[in-house]
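Asks: Predicted coordinates and the sequence they were generated for:
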Amino acid sequence: MFKQNRETNDPKKKPVAPPAPPAKKSPIKKAASYDPGPITNSSKTVIGANVVIEGNVKGEENLVIDGVVKGNITALGHHVTIGPKGRIEGEIKAHDAVIGGLLQGKVRADGRVEVTQNADFYGEIKCKSISVQDGAYFKGIIELQRDPHREKQPVDHTVESTKVEPSKVAPLSTVDKTQKNSG
């Protein structure tokens, strides 16, 4: 009546588990500190949350900072990211920069600077383009490096005198006399 399936009853063979459902993707975007971007094909260096550096940092690859750096950071031609827990006191020179933590100092970027919603920025930024997300704290100066739309015209500070010509309108007293005589 019922036919046995010998493959599933074989003790040497284990039943195959159904495939696991695909992992759900979180609607929350990953922290900016771990997205070095497609600037170069080089690797990245991470300064961890438990690391404190007192001195200048210079590198030839992308840099992610989740710790504390008291000094200048130079990564010309590369991407520097300050994570949400990162704390920087100094100047950053890079191609692109993402500020997600605290930065007190200056940023000089050949490309783009992004100030994320978790950032606290005090200082000066010089770059070609910038974005400041809603919720970020920003107290500083921004200078965009680009060619101006209009050419700068020299300002002439000399004052030209103007000649005032006498009015060609007759005074009211003269008009009143002519109206009385005609009427």
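Replies: Right, received. Where do you want to start?

Asks: Leu144 and Asn56, how far apart?
Replies: Per CB to CB, to the nearest Å, Leu144 is found 27 Å from Asn56. All C-beta atoms are positioned from the backbone trio N, CA, C, and that covers glycine.

Asks: between those two, who's got more neighbours?
Replies: Ranked by neighbour count (other CB atoms under 10 Å), Leu144 and Asn56 place Asn56 first, with 13 against 10.

Asks: and the more buried one, how far is that from Lys93?
Replies: As judged by CB to CB, Asn56 and Lys93 stand 11 Å apart.

Asks: repeat for Lys139
Replies: Taking CB to CB, one finds Lys139 at 21 Å from Lys93.

Asks: Can you get me a residue count around Gln117?
Replies: 13.

Asks: Can you show me the helices along the chain?
Replies: 6-9, 172-182 (DSSP state H).

Asks: so where's this structure uncertain?
Replies: For the chain, the stretches flagged by pLDDT under 70 are 1-42, 152-183.

Asks: for it, longest strand please?
Replies: Taking DSSP state E as the criterion, the chain has its longest strand at strand 87-99.

Asks: name the helices or strands packed onto it?
Replies: strand 68-70, strand 73-82, strand 102-109, strand 112-115 (3 or more CB pairs under 8 Å, 6 or more residues apart in numbering; DSSP states H and E).

Asks: partners of it, with directions?
Replies: Within its sheet, strand 87-99 is paired with strand 68-70 (parallel), strand 73-82 (parallel), strand 102-109 (parallel), strand 112-115 (parallel), according to DSSP bridges.
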